[in-house]
Each structure stands twice: as C-alpha cells, then as structure tokens.
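In: heads up, no residue letters with this:
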C-alpha cells in the first residue's frame, strides 16, 4: 500500500481495509474518510469492481475551458456576471434544468445501456435524468471563473452524474445485499466480478452515468463561457470517481479511483482547491525510466489528487442545526469566510461554511506531497465562484 501525505487514523484504517481486498492500493495526499473506501483512494482489482469504491456520485469530475478572454475584459463587471451565472444555471439537489437550451435530446437517452434498469423503473429514471442534465448539484460542486498566470480567463466546473448516478449506485448496492430495486440498504463493500451478470450490468450502468456526467459538465462549462461572452480555445476534462480497465506493469486490472485524478505521463487534469484558493491544470510527469519519480508514479497507479482535501467534516465546519436553530457551533464563522474571500478578491454566489476555505487543506501542500509524479501547467485563481446556497435540501437523505 502506497500512502502520499499524512492522514488521520480513521482514513488510514479505511485504506488498510480496502487494501486487504485489493491487488494494489494507493492513497493520495488529499485523502479523507469516505463510505467504506477513503476519498483519495485508488484500488486495483482483478476483473472486479467496487460499487462503494466508485461511490454514489458516479463519474464526479471536473471540466475546464480556456477562453479567448483576458481578465481585463471581465474585471469591471464580475458582480453582474456572477448574478447572471447564478440565475441562468441550476444549483442544488434534485432540481430540473429550466433553461430552454438544456440538452434534453442528447443521444445518450437512446443508449442501449438503459436496459440494465428494470423496465418498470426505466422510463421514470430516464425522464428524471433527462430533465436534470446540466444541473450542478450542491455540496462542493461549483462553477468557477478563473484567471491564470497570463491573465487569461478560464471557466471550470465540478459535479457528477447527479440523481442518475446516486440511483444506480444505491440500487446496485441493494442488489449486492440480496434486496430488490428501490430498497434502501446500508453502505458496505460490494465487489462484482465483471464476468457475472450483475457485474456486467453494473459496468453498463457506471459507464452510462459516466457519459451522462461528461455531457452535463460540457454543457454547463460551455454555457458559462457563452454567458461571460467568450469562446472556447481548449478543454480539459476528467472523471475522478470512476473505474477503468488498465494495464499496470504487465497486468490487467480494474482500477477504481474514488476522488483521484488519472495522471499518466502527459495526461492532463483539472484539479480544484477550495472556493477561495487556486486550482491547477496539471499533467502526469514524464519521469525518466527507472527513476524514483517513475516508481512513485507506478505506485500511485498513475493517479493524483482530485482537490485539496477536507481537514474537517461539514458538521465540524458549519455546526449542527435543528429546525433552523444551531445546536452546536461550528469551527468557522461567516466573518471568517468573508474575510478570507475578501483577501483573495473572490466574488461568491451561494456556498456556505461547510465549503469555506478553512475546511480544506491547501492545494500546493497536497501537490507537494505527491512529489514529482505530476507537473503543474497552469495555476488558476478564482475570481467568481458559484455554488448551491447553504439551505439546499438533499432529497436523497432523510
């Protein structure tokens, strides 16, 4: 087991537990506690896939577009642009995309992979997914406008397969526990062999959710580029909650990354920090054959961090609330968050204390802990951040 960076005992215990079932395991420097498998974990299995490893937000990931705009062109009207982005896009859980431009006719809705959903549930799930495509979600999901080291404007987004992915993951987890579709079950390890019917069907469901997430992110990021008046020059796009068939050192594996970015030599990725910190465009390093850096890359299974990583839970950051009243104070105040964002000159719409910069590690620190396995191509400073408001209700939780 390869561990990058330092982690608390609970995260390391989760990592060791998963490593006991996997052929290979690595933990990235932004790792923290997850459901069964830690966030930041990379596990390689022999022709098997882990449902909780991929996670409930199947195909969560990032997309970033370099635009033809300079920061000078938008600097004077960031407040208006932030209002426009926040008004024209849907931030929150369980929402419908109300835009007339929403991609409801996307070809993926005619994909044969929908056949893995029981017929009596199929049309309902497909129609819900159709109308939710292009919505952003809540929590740490966002739309950001950045400037890079050359004062060029980028747009970046972070979210996954929305309610579709959650529904698919939840129900395949139910299948693993011998329960029918629609049964709520506790989170526990579920390893499906890909040559078995249930493993085949889960893989079809996972890859369908992956196509859905890609379509949603590309629609949103391009919509924002249009809103701010720019044109697309370059696109960087990647999942970080997914499973891939890969060959490592001559052996074929199913590699499950849960909050980890693929990073083979030259493979680019977009990695965010927090609402008040820089993000980066990076790539897997071109290490010399036989070098210590190349060995580190191989141990990481050519993976890297997907973000800065939390240092406190949402409840610890925000406090505990019941019926609109605070039961236990959080570690971060609104004044703390506002002061941080003002110091970084960030225009924020939505967001809350559970996503404040103080709840996260610093991205340069976790990248440094990954060593020379990756190379930073561009540093992106956020100038507009849009997230779901703090009073968002999650319909997938009691």
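Out: That came through fine. Keep in mind it's a predicted model, so treat the numbers as computed, not measured. Numbers count the residues shown, from 1 in each chain.

In: Which residue ranges of the stretch 201-350 of the chain form helices?
Out: In the stretch 201-350 of the chain, the helices defined using DSSP state H, counting those that start in this stretch lie at 292-299, 314-318, 334-344.

In: Can you name every helix or strand that the longest one contacts?
Out: It stands for helix 334-344. With contacts taken as 3 or more Cβ pairs under 8 Å, 6 or more residues apart in numbering; DSSP states H and E, helix 334-344 sits against no other helix or strand. Every C-beta, even on glycine, is put in place using the N, C-alpha and C of the backbone.

In: Show me which residues of it are buried.
Out: By 16 or more other Cβ atoms under 10 Å, the buried positions in helix 334-344 come out as 337, 340, 341, 344.

In: now the residues you listed in a markdown table, with distance to residue 24?
Out: Listed next are the buried residues of helix 334-344 as a markdown table, based on distance: Cβ to Cβ, whole Å:
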| residue | distance to residue 24 |
| --- | --- |
| 337 | 39 |
| 340 | 38 |
| 341 | 40 |
| 344 | 39 |
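
In: would you list every one of the strands in the stretch 51-200 of the chain?
Out: Assigned by DSSP state E, counting those that start in this stretch, the stretch 51-200 of the chain shows strands spanning 61-70, 142-147, 152-159, 191-193.

In: Torsion angles phi and psi at the residue of the chain most remote from its centre?
Out: For the chain, the residue at maximal distance from the C-alpha centroid (Cα atoms, centre = their mean) is residue 290, at 32.4 Å. Note on residue 290: backbone dihedrals following degrees, to the nearest 10 are phi 80, psi 0.

In: For it, give its distance to residue 248.
Out: For residue 290, the distance to residue 248 equals 16 Å [Cβ to Cβ, to the nearest Å].

In: repeat for residue 10
Out: Using Cβ to Cβ, we find residue 10 at a distance of 28 Å from residue 248.

In: Report the separation between residue 372 and residue 123.
Out: With Cβ to Cβ as the criterion, residue 372 and residue 123 are 51 Å apart.

In: between these two, which one's more packed in?
Out: The neighbour count for residue 372 versus residue 123, taken as other Cβ atoms under 10 Å, is higher for residue 372 (14 against 11).

In: so what's that one up against?
Out: Taking Cβ atoms under 8 Å, 6 or more residues apart in numbering, we find residue 372 in contact with 285, 287, 293, 296.

In: Among these, which one is most surrounded by other residues?
Out: residue 285 (23 neighbours).

In: My understanding was that it contacts residue 377; is that so?
Out: No - judged on Cβ atoms under 8 Å, residue 285 makes no contact with residue 377 at a distance of 11.1 Å.

In: Residue 10 and residue 248 - which one has more neighbours?
Out: residue 248 (15 against 11).

In: and the more buried one, what are its bridge partners?
Out: residue 251 (DSSP bridges).

In: Residue ranges in the stretch 201-350 of the chain under the pLDDT threshold?
Out: Scanning the stretch 201-350 of the chain with the threshold set as pLDDT under 70 gives 323.

In: what's next to stretch 147-159, contact-wise?
Out: Residues contacting stretch 147-159 (Cβ under 8 Å, 6+ apart): 60-67, 69-74, 136-137, 140-146, 213, 216-217, 220-221, 224-225, 228, 230, 270, 272, 279, 378-381, 383.

In: switch to 6 Å and redo it
Out: For stretch 147-159, contacts defined as Cβ atoms under 6 Å, 6 or more residues apart in numbering pick out 62-67, 69-71, 136-137, 141-146, 217, 220-221, 224-225, 270, 272, 378-381, 383.

In: Could you write me a PyMOL select line covering just the buried ones among those residues?
Out: Of the contacts of stretch 147-159, the buried ones go into a single PyMOL selection, burial set by 16+ other Cβ under 10 Å:
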select buried, resi 62+63+64+65+66+67+69+71+136+137+141+142+143+144+145+146+217+220+221+224+225+270+272+378+379+380+381+383
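
In: Give me the pLDDT value at residue 113.
Out: Residue 113 is assigned 98 on the pLDDT scale.

In: residues near it, how many?
Out: Residue 113, neighbours per other Cβ under 10 Å, totals 16.

In: how much space between it and residue 218?
Out: From residue 113 to residue 218 the distance is 19 Å (Cβ to Cβ).

In: ditto for residue 345
Out: Taking Cβ to Cβ as the criterion, residue 345 is separated from residue 218 by 29 Å.

In: higher neighbour count, the two?
Out: Between residue 345 and residue 218, counted using other Cβ under 10 Å, residue 218 has the larger neighbour count: 17 against 12.

In: And the contacts of stretch 105-119?
Out: So stretch 105-119 is in contact with 122, 125, 126, 130, 181, 201, 204, 205, 208, 211, 215, going by Cβ under 6 Å, 6+ apart.

In: for stretch 240-257, same thing?
Out: Residues contacting stretch 240-257 (Cβ under 6 Å, 6+ apart): 42-45, 49-50, 53-55, 57, 59-61, 258-261, 301, 303, 306.

In: gap between the residue farthest from the centre of the chain and residue 297?
Out: 12 Å.

In: next one: residue 245
Out: According to Cβ to Cβ, residue 245 stands 19 Å off from residue 297.

In: Of these two, which one has the most company?
Out: Neighbour totals were compared for residue 245 and residue 297, and residue 297 leads with 25 against 12 (other Cβ under 10 Å).

In: you'd agree that one is up against residue 375?
Out: No - using Cβ atoms under 6 Å, residue 297 and residue 375 do not qualify as a contacting pair, with a distance of 11.4 Å.

In: Please identify the buried residues of stretch 20-39?
Out: 22, 24-39.

In: Same question for stretch 200-216.
Out: So for stretch 200-216, counting by 16+ other Cβ under 10 Å, buried means 201-216.

In: Looking at these, which one is closest to residue 93?
Out: When these are compared for distance to residue 93 (Cβ to Cβ), residue 216 wins out at 14.0 Å.
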